[in-house]
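Engineer: Just the structure for this:
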Amino acid sequence: MPPSTQIDSDRLLDLTKKLIERPSISPADEGCQTLLAEQLTALGFEITSMPFEDVTNLWAVLDSHRPGPTFLFAGHTDVVPPGPLDSWTYPPFEPTCQDGWLYGRGSADMKSALAAMVFACEQFIGQGQPFNGKIAFLITSDEEAEARHGTRAVMEALSQTAINIDYCLVGEPSSANALGDMIRVGRRGSLNARLTIQGKSGHVAYPHTVINPIHLAMPALSRLADTEWDQGNAFFPATSFQISNLNAGVGVQNVVPQEIVAAFNFRYSTASTEASLKTRTEAILADFGLPFDIEWSLSGEPFLSQEGALIDAAILGIQGETGLTPELSTGGGTSDGRFIAPFVPEIIELGLLNTHIHKIDERVPIDDIAALGRIYTTILDRLLRDHV
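Structural biologist: The predicted model follows:
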């Protein structure tokens, strides 16, 4: 292994454990960012706290006046609740190493990756060789919850400044079966709707006096479910429509309800837009002459990274460390990458295994943490040093 990618695995594991020990259930940070700020300050980073509402955010930059591209590491310190504590083999906030695994809430999603980012910077800077550009960190405690006052708010604030970001690596657990087997190069959009269809309630024995909204809704919902919204493209599957909730009735069998409420979601590709999905949906409902009201909420627009130096550097880093050639994917749910992508041309998600995230006994292979740090170091070398 080249000297440029050596990582102090013992100290890296120690930092990861210290982060896991803090019960930072979203949107709480519980001092994780303070710990990371101490590490980054020692490396020469300028630290700025950017709190919004009850959310803790950290912005850090190394050599802010250095010419060249800006590389951003992005991630989150918050975790999902652990669930029933007695179901865990080891207490979720007492990091435990066993049989080659590190157990603990946040070990995979994504405190290990945060620690790997810090140590990648330590190794990269410690080489003592010149490099171009700047390295930055954007860390939030509001990714697993509402995601309103974290990365979204920070990026909106930064957009009002002269800061330009060329590359972004989000440390979400992107690997499926082995470290580095997959890189997220984009994500599908997520559009939610709450559809209310009105009827006229009454006794079921007097059908001529009622208008059953359930009967009205069924053909229209069937049409929506059967519609081909698009065919996807080279990086995205076709847009998916899914009904997630359907509510009607007063709890007895002899009353026709006044209304039916359907909640549904589009996971959509770049072959469709928010506007086109709304327009087509409302046109279908109108075709059935339904008395309806619909409320829309956008969780995130689809995004796709530009092909270029970042993806190339990530592939080379993974190949050098694991021998694998990663799949370039846009699958999975949403991430904070959706708030960064409008401002950054090249953005990927690259992290540890996602097989145990959000689960009881969340865990990650210990050796993968240092390996991820070495991959991150290689990416920095390729992007900021090869051009010197």
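
Engineer: What residues of the helix or strand encompassing residue 37 count as buried?
Structural biologist: Per DSSP states H and E: residue 37 is located in helix 32-42. Using 16 or more other Cβ atoms under 10 Å as the test for burial, helix 32-42 gives 32-33, 35-37, 39-40. To be clear about C-beta, it is placed using only N, CA and C from the backbone, and glycine gets the same treatment.

Engineer: What of stretch 228-238?
Structural biologist: Going by neighbour count (16+ other Cβ under 10 Å), the buried part of stretch 228-238 is 229-230, 232, 235-236, 238.

Engineer: Using PDB, write out the CA atom coordinates for that stretch.
Structural biologist: Provided in PDB are the C-alpha atoms of stretch 228-238 (Å, rounded to 0.1, in the frame of the first residue of the first chain):
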ATOM      1  CA  GLU A 228     -46.700   4.700 -16.900                       C
ATOM      2  CA  TRP A 229     -45.200   8.000 -15.800                       C
ATOM      3  CA  ASP A 230     -42.000   7.600 -17.700                       C
ATOM      4  CA  GLN A 231     -39.500   4.900 -18.800                       C
ATOM      5  CA  GLY A 232     -36.600   6.200 -16.800                       C
ATOM      6  CA  ASN A 233     -33.200   6.600 -18.400                       C
ATOM      7  CA  ALA A 234     -29.600   5.300 -18.300                       C
ATOM      8  CA  PHE A 235     -29.200   6.100 -14.600                       C
ATOM      9  CA  PHE A 236     -32.700   6.000 -13.300                       C
ATOM     10  CA  PRO A 237     -35.500   3.300 -13.200                       C
ATOM     11  CA  ALA A 238     -39.000   4.300 -14.300                       C
END
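
Engineer: Identify the farthest-apart pair in the buried residues of stretch 228-238.
Structural biologist: Within the buried residues of stretch 228-238, 229 and 235 form the most distant pair, 16.5 Å apart (Cβ to Cβ).

Engineer: what's the closest non-adjacent residue to the residue nearest the centre of the chain?
Structural biologist: Nearest to the mean C-alpha position of the chain, by Cα atoms, centre = their mean, lies residue 335 at 1.8 Å. Of all residues not flanking residue 335 in the chain, residue 172 sits nearest, at 5.2 Å (Cβ to Cβ, 6 or more residues apart in numbering).

Engineer: Residue 191 and residue 295 touch, don't they?
Structural biologist: No: Residue 191 is beyond contact range of residue 295, at 11.7 Å (criterion: Cβ atoms under 8 Å).

Engineer: With neighbour numbers in mind, choose between these two.
Structural biologist: A count of neighbours by other Cβ atoms under 10 Å puts residue 191 above the other of residue 191 and residue 295, at 25 against 10.

Engineer: Give the helix, strand or coil label for that one.
Structural biologist: Following DSSP: H, G, I helix; E, B strand; the rest coil, the label given to residue 191 is strand.

Engineer: Bridge partners for it, pull those for me.
Structural biologist: As for beta bridges, residue 191 partners with residue 266, residue 298 under DSSP bridges.

Engineer: Tell me the buried residues in whichever helix in the chain runs longest?
Structural biologist: Longest helix in the chain by number of residues (criterion: DSSP state H): helix 366-384. Neighbour-count burial for helix 366-384, counted by 16+ other Cβ under 10 Å, picks out 366, 368-384.

Engineer: Over to stretch 180-193?
Structural biologist: Buried-residue list, stretch 180-193, by 16+ other Cβ under 10 Å: 180-191, 193.

Engineer: Please report how far residue 41 lies from residue 11.
Structural biologist: Distance, residue 41 to residue 11, using Cβ to Cβ, to the nearest Å: 16 Å.

Engineer: re the thing from before, could I get the buried residues of stretch 180-193 as CSV with distance to residue 290 and pLDDT?
Structural biologist: Output for the buried residues of stretch 180-193, formatted as CSV (distance: Cβ to Cβ, whole Å; pLDDT from 0 to 100):
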residue, distance to residue 290, pLDDT
180, 50, 97
181, 46, 98
182, 42, 97
183, 44, 97
184, 38, 96
185, 40, 95
186, 35, 94
187, 32, 93
188, 28, 93
189, 26, 94
190, 25, 94
191, 20, 96
193, 14, 98
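
Engineer: Now do the strands in the stretch 251-388 of the chain.
Structural biologist: Assigned by DSSP state E, counting those that start in this stretch, the strands in the stretch 251-388 of the chain fall at 255-256, 259-268, 292-300, 303-304, 327-329, 346-349, 363-365.

Engineer: Those: which one's closest to residue 49?
Structural biologist: Here strand 346-349 is closest among the strands of the stretch 251-388 of the chain (Cβ to Cβ), at 23.9 Å.

Engineer: Enumerate residues external to that closest one that contact any of its residues.
Structural biologist: 166-172, 174, 183-185, 303, 305-306, 308-311, 314, 335, 337, 340-341 (Cβ atoms under 8 Å, 6 or more residues apart in numbering).

Engineer: Now, of those, which are buried?
Structural biologist: Listed as buried from the contacts of strand 346-349 are 166-172, 174, 183-185, 303, 305, 309-311, 314, 335, 337, 340-341; burial here means 16+ other Cβ under 10 Å.

Engineer: So which of those are in helices?
Structural biologist: Those of the buried ones among the contacts of strand 346-349 mapping onto helices are 309-311, 314, 337, 340, per DSSP H.

Engineer: so which of those residues comes closest to residue 247?
Structural biologist: The closest of those, once distances to residue 247 are taken by Cβ to Cβ, is residue 337, at 32.8 Å.
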